[in-house]
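# Let me see the structure of the following:
(chains A and B)
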Number of protein chains: 2
Amino acid sequence: MSTNDKFYAINPSSNNQLEGEYTNATEAVIHSAVQKSKEAMAIYRKKDKDSIANFLDQVAQEILNLGDSLLERCRLETALPMARLQGERGRTINQLKLFASVVREGSWIDARIDTAIPERSPFPKSDIRHILQPLGPVAVFGASNFPLAFSVAGGDTASALAAGCTVVVKAHPAHPGTSELVASAIHKAISICGMPEGTFSLIQGNNNTVGKTLVKHPDIKAVGFTGSFGGGKALFDIANSRTEPIPVYAEMGSTNPVFILPKALREKTETIAIGMANSITLGVGQFCTNPGLTFIEESKEANKYFDYLATSLKDKPSGTMLSKGIKDAYEIGIENTLKIDGVEEMASGREAGISGQVAAKIFNTTFEKYSKSELLNEENFGPSNVVITSKSKEQILEAAKNLKGHLTATVHGMNEDFDNYKELFDILEQKVGRVIINGYPTGVEVCHSMVHGGPYPSTTAVQSTSVGTNAIKRFVRPICFQDFPESLLPSALHNSNPLNIWRLVNGELMKEEVV
Amino acid sequence: MSTNDKFYAINPSSNNQLEGEYTNATEAVIHSAVQKSKEAMAIYRKKDKDSIANFLDQVAQEILNLGDSLLERCRLETALPMARLQGERGRTINQLKLFASVVREGSWIDARIDTAIPERSPFPKSDIRHILQPLGPVAVFGASNFPLAFSVAGGDTASALAAGCTVVVKAHPAHPGTSELVASAIHKAISICGMPEGTFSLIQGNNNTVGKTLVKHPDIKAVGFTGSFGGGKALFDIANSRTEPIPVYAEMGSTNPVFILPKALREKTETIAIGMANSITLGVGQFCTNPGLTFIEESKEANKYFDYLATSLKDKPSGTMLSKGIKDAYEIGIENTLKIDGVEEMASGREAGISGQVAAKIFNTTFEKYSKSELLNEENFGPSNVVITSKSKEQILEAAKNLKGHLTATVHGMNEDFDNYKELFDILEQKVGRVIINGYPTGVEVCHSMVHGGPYPSTTAVQSTSVGTNAIKRFVRPICFQDFPESLLPSALHNSNPLNIWRLVNGELMKEEVV
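Sure, this is the predicted structure:
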């Protein structure tokens, strides 16, 4: 094993190496993790819903039991402030508990029963019964920007475990110590709940080979990923070139366009400017839903908006980004943006001059210049935003029509604006997974209705969400049983409805037993 | 335009050319069809559910209105007997009506509402509402083996139209005249129901270029296909190499293993043999769910089973296959099977000696020989079956474990068998989309619980079904609306529940209004 196989966590605030040595998983290590995952799957997939729900709750409890040492290590590895990490831990735990409640309630498995009609002519009708069942071992990639809520025990892991799938997580190399702590919590929950050991495994790696090897493994049946377009698309291509292609749920970020319509711009200029400055700089701009593009119409209020934005922004302190790699990419993005013909810097956050910290940047340009630049539609991960000034409603609508897929689109408007811009909503709902009115895209509610996804290139799987209870559907597939004796059917499909779940019986949704 | 751009329908019974000349769609024709489809989509996707349901019903009515001329042309193009075509027309019409009823009922769109909690701390909770919305223009490929039920107005078209998507069908070149007749019925329904003209288009083609060009078109957003592994996989690869990858629902057939367990073999030897002979030869074996592999344990009943099967089969008349290409491929498949070490012909249907007709063939071999042959796991489309004799339960289970993905698996057994072979069901449910007990895989019920799909290579989309009401889910994606005023929300999400559909309100399924 060469020294390249070892790596260390770096404190992004100081660039100092943190304690702990991590090893790139070898092919043998990866194979062993997946093999154990497959063996565990044979047992875990048959666990009853209460056992799985209790296990998810226990994972949440064990994460809490790690106490401040988890948050402290995470802060050192990510430079995220303590308050944010406390909030993120809360979200992580609530996600696990929400999936536990969904599993406990049980109706998510989409039980369907069509009863037999033996006397039907010309052919008798068989008894057919349907459920969703887990796909198999899932590979999950930890995200840089959510070291807790979208990493080891984050949304992808919670939804895969809830679906009855075992999980192999590839830790993000920027927070390997945090990852090991959370993995230890999951292992403790496995032990307490009597789940098979291979239900969960963590592998480490700071190169692409580890992840590729994992996705290529024939016993991995689905992939969850949150990160860059380059990373997600590479995994998608690998998964599709396997002997058996598998689904890849890659959430690859987007520029999350914001439209500020004329009357709202006129009547709420300052409020919206302050709100945008807050949203752009939240968490040093390190959110998949960070707003990167703003569309407004030329007007004297537009100039006022710029002033308020500049004022609000210059009080925003610079911030330390999650890693040197992310900071360097952000700064190159800023440089490249400034090189685009017709793009000017319009406002800046406070420059700290501290190594590792970056300031927020807002640029402006015209619709015409924007229309000529591919680059302006690409995400520059961090606290930057480009305001595009249009001459007319038609230009606004044209810009909307030319958008690629995004996670979100936001519209600020008043009733008069909504009447005038009806077409805009029609366009936007074809471009994104979530449309927000008079709000900000940062902040993704973990609930039943959330769609955190969208058309390509924001994700590789437009039909799914990675946040919210519907995320469980990513890791299952339908199966039906024809003319089975009840003793061989899963209990969800027994006539008496012992699980007391909603079922579609001969086309009617009910909880009643089948007679 | 070269003469290669023209083609003709051939009567597979006589090899004679039928009347009518068809033209391979040029790139310009394909582009125009997709362009019209996209324009129509802007209107069609906003149609209320009753309008779409009525339209589907009208398509069914117009197909009926074509009368016997449709069935007659179809018989000439496919050599399928009149009774089968009448049945298939019935299924086609019932599918359209079933989707109409699903759309009219309306709950399929998965309306979800999470209401706001403005006073929540530390952040207020937004109002978020979710539905499924159509993906966009869908490309559908007509299947050779279902000239009505899985072609122009077949399952894929019905489910895509039901989902609110416009459709461009690439007709199967073996039945271009049937395709044009059905297309005329759809166009008539479009006109009667006031749908936009581009809601449906038919394009013809007898080469791969037409289909590839269609799938590459940037305005096509999903693909439905039923046919060979080679064809489906090629479209899957094209779709994934597009600038914007899109989902491909390719149902590529399988060998549909059948397991006859010892006690059933002993006690129902003749019944099962007759049933298998019927299932293998049904429709000259031209079903995706035709049973191609049978697993039994060595015994004196196994020998009796062979005898009954041979007796039953030799009375089965030879049949004309759907096209010369299919017949040639089947005959080559038979030749290649016989070349495999240890495989012997065990029974044959009546040989007619009539050009274009083929006889059913049953082969036998041992578990050991089967385990060494990749070829025996591949589908030979037509009326053939390979019986694999095992020495033990362990060999049966090993064979099951080594299966790739199939549409179906069938088990014949009695209670004692089920007790002894519990593990078999556990294995099979991980290999297929539908498990059948004491029945036959041919005959796919169009209902709410049906899963006609399965793990790769039986399909490219393990999470979907191409038959049954759940097929509608293939052509939609989720979207959510955050803090929308009611006037901008789709009516499915209005507080008063004007569509009277089931909705998940703050996690509870209900039809009540939101207060």
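# Quick one: the strands in the stretch 201-350 of chain A, in order.
Counting by DSSP state E, counting those that start in this stretch, the stretch 201-350 of chain A has strands at residues A:222-226, A:248-251, A:258-260, A:293-297, A:319-320, A:344-348.
# Please identify the most buried of those.
strand A:222-226 (a mean of 29; mean count of other C-beta atoms under 10 Å in any protein chain shown). Yep, even glycine has a C-beta here, placed from its N, CA and C like the rest.
# Just the residues contacting it, thanks.
Strand A:222-226 is contacted by residues A:135-136, A:138-141, A:143, A:145-146, A:150, A:156-157, A:159-160, A:165, A:215, A:231-232, A:235, A:239, A:246-251, A:288, A:466, A:474-475 when judged by C-beta atoms under 8 Å, 6 or more residues apart in numbering or on different chains.
# Of those, which ones also sit close to chain B?
A:135-136, A:247 (C-beta under 8 Å from any C-beta of the partner chain).
# Going by distance to residue A:499, which of those wins?
Ranked by distance to residue A:499 (C-beta to C-beta), these are led by residue A:135 at 21.1 Å.
# The closest one - how many residues pack around it?
25 (other C-beta atoms under 10 Å in any protein chain shown).
# Go ahead and confirm it touches residue A:166.
No: counting by C-beta atoms under 8 Å, residue A:166 is not a contact partner of residue A:135; they are 10.5 Å apart.
# if you look at the contacts of strand A:222-226, which of them are in helices?
A:156-157, A:159-160, A:215, A:231-232, A:235, A:239 (DSSP state H).
# any chance of the residues you listed in JSON lines, with pLDDT, distance to residue B:88 and neighbour count too?
Shown next, in JSON lines, are these (pLDDT from 0 to 100; distance: C-beta to C-beta, whole Å; neighbours: other C-beta atoms under 10 Å in any protein chain shown):
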{"residue": "A:156", "pLDDT": "98", "distance to residue B:88": "44", "neighbour count": "31"}
{"residue": "A:157", "pLDDT": "98", "distance to residue B:88": "47", "neighbour count": "29"}
{"residue": "A:159", "pLDDT": "98", "distance to residue B:88": "41", "neighbour count": "32"}
{"residue": "A:160", "pLDDT": "98", "distance to residue B:88": "41", "neighbour count": "30"}
{"residue": "A:215", "pLDDT": "98", "distance to residue B:88": "42", "neighbour count": "23"}
{"residue": "A:231", "pLDDT": "96", "distance to residue B:88": "48", "neighbour count": "16"}
{"residue": "A:232", "pLDDT": "97", "distance to residue B:88": "43", "neighbour count": "25"}
{"residue": "A:235", "pLDDT": "98", "distance to residue B:88": "42", "neighbour count": "26"}
{"residue": "A:239", "pLDDT": "98", "distance to residue B:88": "37", "neighbour count": "22"}
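# Show me the two of the residues you listed that sit farthest apart.
Between all members of the ones in helices among the contacts of strand A:222-226, the farthest pair (by C-beta to C-beta) comes out as A:159 and A:231, at 19.9 Å.
# Give me the below-cutoff pLDDT ranges for chain A.
A:1-3 (pLDDT under 70).
# for it, what's the longest helix?
Chain A, longest helix under DSSP H: helix A:82-105.
# The stretch 201-350 of chain A against chain B: which residues are in contact?
So the stretch 201-350 of chain A meets chain B at A:236-237, A:240, A:244-245, A:247 (C-beta under 8 Å from any C-beta).
# Kindly recompute the last result at 10 Å.
Contacts of the stretch 201-350 of chain A with chain B, taken as C-beta under 10 Å from any C-beta of the partner chain, map to A:221-222, A:233, A:236-237, A:239-247.
# Let me have these in CSV, adding distance to residue A:346 as columns.
Output for those, formatted as CSV (distance: C-beta to C-beta, whole Å):
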residue, distance to residue A:346
A:221, 48
A:222, 43
A:233, 32
A:236, 36
A:237, 38
A:239, 41
A:240, 42
A:241, 44
A:242, 47
A:243, 52
A:244, 51
A:245, 46
A:246, 45
A:247, 42
